[in-house]
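A.B. asks: Got a predicted structure here, sequence first:
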Amino acid sequence: MPRPMKINFWIQIVGTKDTGKTSLIEGLTRELVRRGRSVCYIKHTHSEPSFDGGDTDTARMSAAGATTSVLAGAATTTSFRSSGDEGLEEVSFREAIPGAIVLAEGFKSVPGKKIAIAGGDLDIASLEGVVAVVGEAPEGFDGRAFQPAQIAEICDLIEELLATSPEQHWSTRLLIDGKELPLNTFVQDSMAMTLRGMCEPLRGGKANASIEIRCTLVREDAPSQEPEVD
């Protein structure tokens, strides 16, 4: 039986304010897209995102308690949802299409592979998982070092990491109310093969189709939500 396919791969670009994180990620995105890769960008923010007054109706519904508020245009859809304490893995699993490279800006304290931008008061030695430094590497650092203009070389490294990251492979993942339920390999494979068998006739022969299924589990002994009739 084929082993789990890679769903997506994420790498964190970390650094202090005004050291060029966004400009670097912009350059990496352009180069990776040029190479035929799908890229998802996730930025960590310490302030709560908002509709910023761009659409008052969706902002009002969000304030009223809607779990998700969506502004849908002809070419772009913007959504805001209640996320609780979701981590980078959960956000990338939900937002990135299968096979995408996730470039995450920030998330210094989150475990994972990181490219650190030297400068400011960033203590690179204290960070976990730094595989490369952009700028002047600290003394004793044994990873790769690049200059900001070496976009192609940094993308080469990202693709190398993508090809050698078994810890970010999985066959099937199950999230219940946004929280992942651990599955052993047998259950993962059983669910994946069952879904494949169910959906094969519906795909129209399309190769590498992405399948997304969402459902609400209702307990048989749960109280009925139908109104009582006297």
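C.D. replies: Everything's here; your move. Numbering: from 1, shown residues only.
A.B. asks: What sits closest to the residue most central in space within the chain if chain neighbours are left out?
C.D. replies: The central residue of the chain, meaning the one whose C-alpha is nearest the mean C-alpha position (Cα atoms, centre = their mean), is Ser92 at 1.5 Å. Ranked by Cβ to Cβ, 6 or more residues apart in numbering and with sequence neighbours excluded, the top spatial neighbour of Ser92 is Val102, at 4.5 Å. Every C-beta, even on glycine, is put in place using the N, C-alpha and C of the backbone.
A.B. asks: likewise Ile213?
C.D. replies: With sequence-adjacent residues excluded and distances taken as Cβ to Cβ, 6+ apart, Ile213 is closest to Leu195, at 7.0 Å.
A.B. asks: I'd assumed Leu202 was in contact with the one you found.
C.D. replies: No. No contact is recorded between Leu195 and Leu202 when judged using Cβ atoms under 8 Å, the distance being 10.9 Å.
A.B. asks: Neighbour count: these two, which is higher?
C.D. replies: A direct count of neighbours by other Cβ atoms under 10 Å for Leu195 and Leu202 places Leu195 higher, at 13 against 9.
A.B. asks: From Asp189, how far off is that one?
C.D. replies: 11 Å (Cβ to Cβ, to the nearest Å).
A.B. asks: what does Leu24 give?
C.D. replies: Leu24 sits 39 Å away from Asp189, taking Cβ to Cβ as the criterion.
A.B. asks: Likewise for Ser126?
C.D. replies: Distance, Ser126 to Asp189, using Cβ to Cβ: 40 Å.
A.B. asks: neighbour-wise, which of these two wins?
C.D. replies: For Ser126 versus Asp189, neighbours defined as other Cβ under 10 Å are more numerous around Asp189 (17 against 8).
A.B. asks: buried sites along the helix or strand hosting the more buried one?
C.D. replies: Remark: Asp189 resides in helix 185-199, with elements defined by DSSP states H and E. Using 16 or more other Cβ atoms under 10 Å as the burial criterion, the residues of helix 185-199 that qualify are Gln188, Asp189, Ala192.
A.B. asks: Give me the contact list for stretch 106-123.
C.D. replies: When contacts are taken as Cβ atoms under 8 Å, 6 or more residues apart in numbering, the neighbours of stretch 106-123 outside the stretch itself are 10-21, 24, 43-45, 87-88, 104, 124, 127-138, 154, 161, 165.
A.B. asks: what's the domain layout of this structure?
C.D. replies: Listed domain ranges for the chain are 8-170, 171-230 (source: automatic domain parsing).
A.B. asks: moving C-terminal of the helix or strand bottoming out on mean pLDDT in the chain, what's the next helix or strand?
C.D. replies: The helix or strand with the lowest mean pLDDT-type score in the chain, counting by mean pLDDT, DSSP states H and E, is helix 88-95 (a mean of 70). With elements assigned by DSSP H and E, the helix or strand that comes after helix 88-95 is strand 100-105.
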